[in-house]
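**Student:** Predicted coordinates and the sequence they were generated for:
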Amino acid sequence: MQIRKVVAGAALAVTAAFAAQAEELKFASFTPPFHTINASVIEQLNEDLSAATDGELTVRGYHGGELGAGPVEQYVRAVQGAADMVWGLPGYTSSQFGKTMIVEMPNAIPLDTPGYEALWAAYEDHLKSEFPATKPLALWTSEPNIFIMKDAVIRQPSDLEGLKVRVAGSTAAKVAEALGATPVQMPINQVYNALQTGLIDGVITGGSTLADFRLDEVANSYTLGANLGRLAFYTVMGQGAYDALSDEHKAAIDEAAGMALSKSAEEGWYATSDAAIEAAREAGDNTFVDLSEEEAQAFEDAVADVVDAYVSDVNGEDALAAMRGE
């Protein structure tokens, strides 16, 4: 669905429907309540807003698709008012977020650079137009991607030849193709069954999915150390829902949103990943490949042209420079 086709009338409709002052904001999540998003963003927002308004403004999470099934439609839910707040992945609607998704590319930013800092550095001048009819509350990235495989050990790019690898969006698909794999794009909540049944051989994603989506139960081989990029995420509030708030409540939203909430989200993803990978190592029934710098360079070389071409295709040179602090 093209976001801009629904923007024009939706904001006015949401504002009208929101005539009464909001006390509890609905946050739509497509994942279970134990997912990292709950503590790092939903509960954090509820705590911050409640404290700032003496409990007048709160946030309630609706998990597992209660407000509408399907992670692809998350952004539209906020625009149309099915939810006041949502979280999602730009990769699920790649055409809308061309420049935002630069941050997902291998070597776009160094492995030790916080993704949320890179995104906010580029937001005002380069990314803002990709978030129509919403107020972004948090922008962040996952921990760096790794190879999570079933019955396939990846030590060099040629090991991926002919394998079917799940990717989150179009940028990761181009990376998978450059490495010789066949990309299969699907939402993360479908990966467990796809791995279990052999529909895919593996996935390029962060280690947090081992816990958040129980991929540790169906995968048995992990390759770490290559800069395979990372996933981008957003939490947004529908502009109509925000505009209908009192000035006091808008101020509370403004204070809670931005860098601090984004940092909370990203640190949550890293913490989940670190714990999950440690548990998978200790399990004793998995193969771990920790690439040397020289081995990792082979993967970087294989995808270099793809990265350059993507940035050029979206006219993203200035956005990339901003993400890098240049």
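**Tutor:** Looks like it came in fine.
**Student:** Would you map the helices across the stretch 151-300 of the chain?
**Tutor:** 170-178, 191-197, 209-212, 239-243, 247-256, 259-283, 293-313 (DSSP state H, counting those that start in this stretch).
**Student:** Show me where the stretch 1-150 of the chain has its strands.
**Tutor:** 24-28, 58-62, 85-88, 134-141, 146-149 (DSSP state E, counting those that start in this stretch).
**Student:** Output those strands as TSV; include the columns distance to residue 110, mean neighbour count and mean pLDDT.
**Tutor:** The way it works is simple: take the backbone N, C-alpha and C, and place the C-beta from them, glycine included. Below are the strands of the stretch 1-150 of the chain laid out as TSV (distance: least, CB to CB, whole Å; neighbours: other CB atoms under 10 Å; pLDDT from 0 to 100):
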stretch	distance to residue 110	mean neighbour count	mean pLDDT
strand 24-28	32	21	98
strand 58-62	33	18	98
strand 85-88	25	27	98
strand 134-141	12	25	98
strand 146-149	16	27	97
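**Student:** Same list (those) but as CSV, adding distance to residue 278.
**Tutor:** Formatted as CSV, these follow (distance: least, CB to CB, whole Å):
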stretch, distance to residue 278
strand 24-28, 30
strand 58-62, 27
strand 85-88, 26
strand 134-141, 21
strand 146-149, 13
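**Student:** Next up, the contacts around residue 179.
**Tutor:** 157, 160, 299, 302, 303 (CB atoms under 8 Å, 6 or more residues apart in numbering).
**Student:** run the last query once more with 6 Å
**Tutor:** By CB atoms under 6 Å, 6 or more residues apart in numbering, residue 179 lies in contact with 157, 160, 302.
**Student:** Scan the residues you listed and report the most crowded one.
**Tutor:** Counting neighbours by other CB atoms under 10 Å, the top entry in the contacts of residue 179 is residue 160, with 26 neighbours.
**Student:** Give me the nearest residue to that one, chain neighbours excluded.
**Tutor:** Spatial nearest neighbour of residue 160, chain neighbours left out: residue 181 (4.3 Å); criterion: CB to CB, 6 or more residues apart in numbering.
**Student:** What is the neighbour count of that neighbour?
**Tutor:** Neighbourhood size, residue 181 [other CB under 10 Å]: 26.
**Student:** same deal with residue 285?
**Tutor:** 6.
**Student:** How about it: what's its closest non-neighbour residue?
**Tutor:** Looking at residue 285 with CB to CB, 6+ apart, the closest residue is residue 220, at 6.8 Å.
**Student:** was I right about that neighbour contacting residue 288?
**Tutor:** No: if you go by CB atoms under 6 Å, residue 220 and residue 288 don't touch, sitting 10.2 Å apart.
**Student:** With neighbour numbers in mind, choose between those two.
**Tutor:** residue 220 (18 against 13).
**Student:** Number of residues surrounding the residue lying closest to residue 176 once chain neighbours are set aside?
**Tutor:** In this structure, residue 176 finds its nearest non-sequential neighbour in residue 183, 4.0 Å apart by CB to CB, 6+ apart. For residue 183, the neighbour count with other CB under 10 Å is 20.
**Student:** again, but for the one 3 residues further on
**Tutor:** Number of residues near residue 186 (other CB under 10 Å) recorded here: 16.
**Student:** give me every residue that touches it.
**Tutor:** residue 166 are the contacts of residue 186 under CB under 6 Å, 6+ apart.
**Student:** hmm, 8 Å instead?
**Tutor:** 166, 194.
**Student:** Roughly how far does it sit from residue 165?
**Tutor:** Using CB to CB, to the nearest Å, residue 186 is found at 11 Å from residue 165.
**Student:** quick check: domain ranges of this structure?
**Tutor:** As assigned by automatic domain parsing, the chain contains the domains 3-144+231-271, 146-229+287-323.
**Student:** bridging residues for the nearest residue to residue 42 once chain neighbours are set aside?
**Tutor:** Counting by CB to CB, 6+ apart, residue 61 is the residue found nearest to residue 42 once chain neighbours are left out, at 4.2 Å. Assessed by DSSP bridges, residue 61 has beta-bridge partners residue 27.
**Student:** Hmm, residue 32 and residue 61 touching each other?
**Tutor:** No: the pair residue 61 / residue 32 is not scored as a contact, 10.6 Å apart, by CB atoms under 8 Å.
**Student:** residues touching residue 210, list them.
**Tutor:** Residues in contact with residue 210 (CB under 8 Å, 6+ apart) are 148, 216, 219, 273, 276, 277, 279, 280.
**Student:** Could you measure from residue 189 over to residue 30?
**Tutor:** Look at residue 189 and residue 30: by CB to CB, they are 7 Å apart.
**Student:** any residues in contact with both of the two?
**Tutor:** Common neighbours of residue 189 and residue 30 (CB under 8 Å, 6+ apart) are residue 71.
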